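Student: what follows is a protein structure lacking sequence information:
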């Protein structure tokens with residue numbers, strides 16, 4: 001029991017000593033002083049701004065504001081003479097309290113959002129770096145498999161030729177032994193090549209990379225059979241095209257058709273392969289998807305296939321580009337027949353530079369919404385308070401209007417009890433700045449001429465002065 005009371009007391013003490021709580025209390029105190037003396041509005045605004053800059057929940061501050069407004073309503077109900085200070089109170093609450101507090105809150109959220117946005121951007125960059133590295137490694141493994149197929153085939157032919165040479169009847173014995181050694185070394189090279197490439201091959205990657213098994217014509221036919229409209233055009237002779245370039249062209253077409261089937265089903269795909277003397281160019285284009293296909297949800301894609309193609313083109317010394325084109329999409333690859341030294345790999349920020357700006361734009365939009373709230377909430381609150389104050393003043397004024405006919409029934413020397421029958425229940429809160437009659441025991445009362453704020457007589461009042469209980473003067477006061 002004692003430990004529970006100690007823990008409760010500690011929590012209350014910690015809350016009381018919290019800087020945000022202290023600043024909120026200071027703001028409330030100096031705001032009350034600002035109603036009496038306008039110069040206190042400056043420290044009120046500073047304290048409110050510092051309180052808004054403190055991170056934390058906004059509920060305590062909102063509850064404090066509601067409590068202040070409720071206490072003000074009660075005070076005006078109990079002491080109607082304070083009503084002339086209500087307009088100054090509204091000004092202090094809106095201009096010197098709410099607006100600086102929201103400005104501090106906006107600044108705090110801006111700093112937090114910018115910090116969180118850059119942290120998120122760094123995380124996206126690291127994730128994209130890992131994805132790009134994985135795609136490049138996968139593509140390099142595929143290239144290694146292609147090398148295995150090409151070199152294995154050539155080494156097998158060398159071994160076969162060496163075996164035939166060994167069996168030649170007119171070959172001398174030392175040449176026969178050399179041919180046998182060549183055959184054995186070629187067979188061993190094929191075996192070691194298979195072992196090395198087998199380490200790089202992914203067990204889950206079953207894609208065939210051999211153009212002999214799947215030529216471009218066969219690839220287009222398979223895509224057409226699957227429901228994709230493909231137009232294939234091949235210009236030039238492919239006899240002198242290196243196998244590495246041929247396989248790279250096959251990969252470009254294969255990946256492009258796969259993406260079209262995923263993201264633009266129903267569109268017509270155009271595949272144009274041009275074989276020149278020094279290079280091979282592949283262009284795969286598609287038009288906009290059909291209306292039915294565009295309404296279907298698109299499958300998620302990490303873009304790893306395109307990253308892999310970029311890596312393959314980089315290693316072959318070529319170039320690779322892709323992007324929207326005429327409502328559809330286009331993929332363009334250029335592969336030289338004589339490879340040049342590959343350029344350095346592209347960073348994820350260069351290949352997909354829209355990640356960081358997009359995250360930054362989202363953070364800026366959130367900050368913009370916070371800025372709109374910081375401006376609109378005080379304005380709306382001020383408008384509501386001003387409207388409520390105006391309604392309260394009109395209600396109060398309607399209860400303090402002295403009818404001109406009743407005023408005409410009053411005369412000097414009349415007893416207060418008799419005069420009270422013609423007077424309203426309460427006096428007006430707007431007292432004209434005029435000198436009151438002097439004398440022992442003289443007290444004056446003021447009553448409004450009209451409750452209409454747009455009337456020319458608004459602000460004018462009747463002044464009734466009594467000495468003891470006798471009416472001694474009646475005057476019309478105009479500001």
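Tutor: That came through, no problem. Everything numeric here is computed off the predicted structure, so don't read it as measured data.
Student: just the strands in this structure please.
Tutor: Ranges of strands within the chain are 229-235, 268-275, 279-286, 319-325, 328-336, 442-448, 461-467, 470-477, based on DSSP state E.
Student: make a markdown table out of these and add mean pLDDT.
Tutor: Compiled in a markdown table, those are given as follows (pLDDT from 0 to 100):
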| stretch | mean pLDDT |
| --- | --- |
| strand 229-235 | 90 |
| strand 268-275 | 91 |
| strand 279-286 | 92 |
| strand 319-325 | 88 |
| strand 328-336 | 91 |
| strand 442-448 | 87 |
| strand 461-467 | 89 |
| strand 470-477 | 88 |
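Student: tell me which of those strands is the most buried.
Tutor: With neighbours taken as mean count of other C-beta atoms under 10 Å, these reach their highest mean count in strand 279-286, at a mean of 22. In this view, the C-beta of every residue, glycine as well, is placed from N, C-alpha and C.
Student: do I have it right that residue 338 meets residue 280?
Tutor: No - the pair residue 338 and residue 280 does not pass the contact test of C-beta atoms under 8 Å, sitting 11.7 Å apart.
Student: break the chain into its domains for me.
Tutor: By the assignment in automatic domain parsing, the chain contains the domains 14-155+354-398, 209-353, 401-477.
Student: shaky segments in the stretch 1-150 of the chain?
Tutor: For the stretch 1-150 of the chain, the stretches with pLDDT under 70 are 1-36, 55-87, 139-140, 142-150.
Student: before we move on, what about the stretch 151-300 of the chain?
Tutor: Using pLDDT under 70, the flagged stretches of the stretch 151-300 of the chain are 151-157, 159-160, 190, 193-214, 265, 290-300.
Student: what ranges do the helices span in it?
Tutor: For the stretch 151-300 of the chain, applying DSSP state H, counting those that start in this stretch gives helices covering 173-200, 216-225, 243-263, 291-295.
Student: report the beta-bridge partner residues of residue 271.
Tutor: When bridges are taken as DSSP bridges, the partners of residue 271 come out as residue 232, residue 284.
Student: ok, the one 4 residues further on next?
Tutor: Residues in a beta bridge with residue 275, per DSSP bridges, are residue 280.
Student: wait, doesn't it sit right on residue 245?
Tutor: No - counting by C-beta under 8 Å, residue 245 is not a contact partner of residue 275; they are 9.1 Å apart.
Student: sketch out the low-pLDDT regions of the stretch 351-479 of the chain for me.
Tutor: Low-confidence segments of the stretch 351-479 of the chain, defined by pLDDT under 70: 351-364, 366, 370, 389, 393, 431-435, 479.
Student: which stretches of it form helices?
Tutor: With DSSP H, counting those that start in this stretch as the criterion, the stretch 351-479 of the chain has helices at 355-398, 404-408, 416-419.
Student: now those in JSON lines, with distance to residue 136?
Tutor: JSON lines is the format used below for the helices of the stretch 351-479 of the chain (distance: least, C-beta to C-beta, whole Å):
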{"stretch": "helix 355-398", "distance to residue 136": "18"}
{"stretch": "helix 404-408", "distance to residue 136": "95"}
{"stretch": "helix 416-419", "distance to residue 136": "100"}
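Student: so can I have TSV of those showing mean neighbour count and distance to residue 429?
Tutor: Listed next are these as TSV, based on neighbours: other C-beta atoms under 10 Å; distance: least, C-beta to C-beta, whole Å:
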stretch	mean neighbour count	distance to residue 429
helix 355-398	15	6
helix 404-408	12	19
helix 416-419	14	21
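Student: OK, contacts around residue 398?
Tutor: Under the criterion of C-beta atoms under 8 Å, 6 or more residues apart in numbering, the contact list for residue 398 reads residue 451.
Student: could you do residue 321 as well?
Tutor: Listed by C-beta under 8 Å, 6+ apart, the contact partners of residue 321 are 331, 332, 333.
Student: quick check, nearest of those to residue 443?
Tutor: Relative to residue 443, the closest of these is residue 331; by C-beta to C-beta it sits at 95.9 Å.
Student: my read: the closest one touches residue 284, true?
Tutor: Yes - Residue 331 is within contact range of residue 284, at 4.6 Å (criterion: C-beta under 8 Å).
Student: joint contacts of these two?
Tutor: Shared contacts of residue 331 and residue 284, counting by C-beta under 8 Å, 6+ apart, come down to 252, 256.
Student: any idea how far residue 447 is from residue 459?
Tutor: 13 Å (C-beta to C-beta, to the nearest Å).
Student: give me the number of residues near the residue nearest to residue 38 when sequence neighbours are not counted?
Tutor: Closest residue to residue 38 apart from its sequence neighbours, by C-beta to C-beta, 6 or more residues apart in numbering: residue 88 at 7.3 Å. Per other C-beta atoms under 10 Å, the neighbour tally for residue 88 reads 14.
Student: ok, now how distant is residue 88 from residue 171?
Tutor: Distance check for residue 88 against residue 171: by C-beta to C-beta, it reads 118 Å.
Student: please apply the same query to residue 289.
Tutor: If you go by C-beta to C-beta, the gap between residue 289 and residue 171 works out to 66 Å.
Student: and the two? which has more neighbours close in?
Tutor: Neighbour comparison, residue 289 and residue 171: the larger count goes to residue 289, with 20 against 14 (by other C-beta under 10 Å).
Student: surely the more buried one is in contact with residue 263?
Tutor: Yes - the criterion here is C-beta under 8 Å, and residue 289 meets it with residue 263 at 7.4 Å.
Student: between these two, what contacts are shared?
Tutor: Residues touching both residue 289 and residue 263 (C-beta under 8 Å, 6+ apart): none.
Student: okay, how far is it across stretch 426-442, tip to tip?
Tutor: Terminal residues of stretch 426-442 are spaced 19 Å apart (C-alpha to C-alpha, to the nearest Å).
Student: in it, what's buried?
Tutor: If you call a residue buried by 16 or more other C-beta atoms under 10 Å, then stretch 426-442 has these buried ones: 427, 428, 429, 430, 431.
Student: same deal with stretch 103-116?
Tutor: In terms of neighbour count (16+ other C-beta under 10 Å), stretch 103-116 has its buried residues at 103, 104, 105, 106, 108, 109, 110, 113.
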